[in-house]
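**Student:** Sequence plus predicted model, see below.
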Amino acid sequence: DVKVTQSSRYLVKRTGEKVFLECVQDMDHENMFWYRQDPGLGLRLIYFSYDVKMKEKGDIPEGYSVSREKKERFSLILESASTNQTSMYLCASSPPGPRRSPLHFGNGTRLTVT
Amino acid sequence: AQKVTQAQTEISVVEKEDVTLDCVYETRDTTYYLFWYKQPPSGELVFLIRRNSFDEQNEISGRYSWNFQKSTSSFNFTITASQVVDSAVYFCALMNSGYSTLTFGKGTMLLVSP
């Protein structure tokens, strides 16, 4: 079974802090993703990566950056946290190829910015 | 651009009732993939089904069934004889042929009461 692990389940940070959300997958997947989930808005794609050191912007990248130094790890960075970044953050991974495999999601990190 | 619409924000049923969750999608691609995910109160997104755009055959899996109709751009999900454990938020999602990213609908919260 694919395991996608997000380092924190709950996180509370102050406005202006630099925040790191970590995600690790154990299935050697090339593709990794970061989504945020907000009530009434569903899941929205922030960034994704198809390979080490490679990143692509999703639909809502403003205020975020990412890092993929190793294949199994994909980090989401909030350079200067703001209250409107309070949300549930979900990491996912999937294998490459034409089959368009489903994404496997972690349990999420609920971030509160005060 | 692609879009997924789940018009039903919340549905409440009594156990053993049948319930259908609607999903309508928009895409310019001729090849695309549709998914359903379940998110129980624990928060983890659980993959339920993937359907290719060139395969309109409906599918049944136990109490779950899916009705894919390209003519109406819909991919509806029916739960027969609902149970309390079916209570969750259900997401419909779309993946195009180019990237492996998912575009999600806003979700439908299903509450099944005993």
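**Tutor:** Thanks, I have the structure now.
**Student:** And the strands in chain A, which stretches?
**Tutor:** Here chain A has its strands, by DSSP state E, at A:4-6, A:10-13, A:19-21, A:23-25, A:31-38, A:42-49, A:56-57, A:64-70, A:73-78, A:87-94, A:104-105, A:109-113.
**Student:** Quote the end-to-end distance of stretch B:83-97.
**Tutor:** Stretch B:83-97 has its terminal residues 35 Å apart, counting by CA to CA, to the nearest Å.
**Student:** now the strands of chain A in TSV, with distance to residue B:75, mean neighbour count and mean pLDDT?
**Tutor:** C-betas here are computed from N, CA, C, even on glycine. Listed next are the strands of chain A as TSV, based on distance: least, CB to CB, whole Å; neighbours: other CB atoms under 10 Å in any protein chain shown; pLDDT from 0 to 100:
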stretch	distance to residue B:75	mean neighbour count	mean pLDDT
strand A:4-6	25	19	95
strand A:10-13	34	13	96
strand A:19-21	31	17	97
strand A:23-25	27	22	97
strand A:31-38	20	23	96
strand A:42-49	16	22	95
strand A:56-57	26	14	94
strand A:64-70	30	16	96
strand A:73-78	29	20	97
strand A:87-94	20	24	96
strand A:104-105	20	22	94
strand A:109-113	29	18	97
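**Student:** okay if I get these as a markdown table plus distance to chain B?
**Tutor:** Below are the strands of chain A laid out as a markdown table (distance: least, CB to the nearest CB, whole Å):
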| stretch | distance to chain B |
| --- | --- |
| strand A:4-6 | 9 |
| strand A:10-13 | 11 |
| strand A:19-21 | 15 |
| strand A:23-25 | 14 |
| strand A:31-38 | 5 |
| strand A:42-49 | 4 |
| strand A:56-57 | 8 |
| strand A:64-70 | 14 |
| strand A:73-78 | 14 |
| strand A:87-94 | 6 |
| strand A:104-105 | 4 |
| strand A:109-113 | 8 |
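**Student:** Can you name the residues that contact residue B:97?
**Tutor:** A:100, B:29, B:31-32 (CB atoms under 8 Å, 6 or more residues apart in numbering or on different chains).
**Student:** likewise residue B:60?
**Tutor:** For residue B:60, counting by CB under 8 Å, 6+ apart, the contacting residues are residue B:66.
**Student:** So which bits of chain B are right by chain A?
**Tutor:** B:9, B:33, B:35, B:37, B:42-45, B:47, B:50, B:52, B:91, B:93, B:95, B:97, B:99-107 (CB under 8 Å from any CB of the partner chain).
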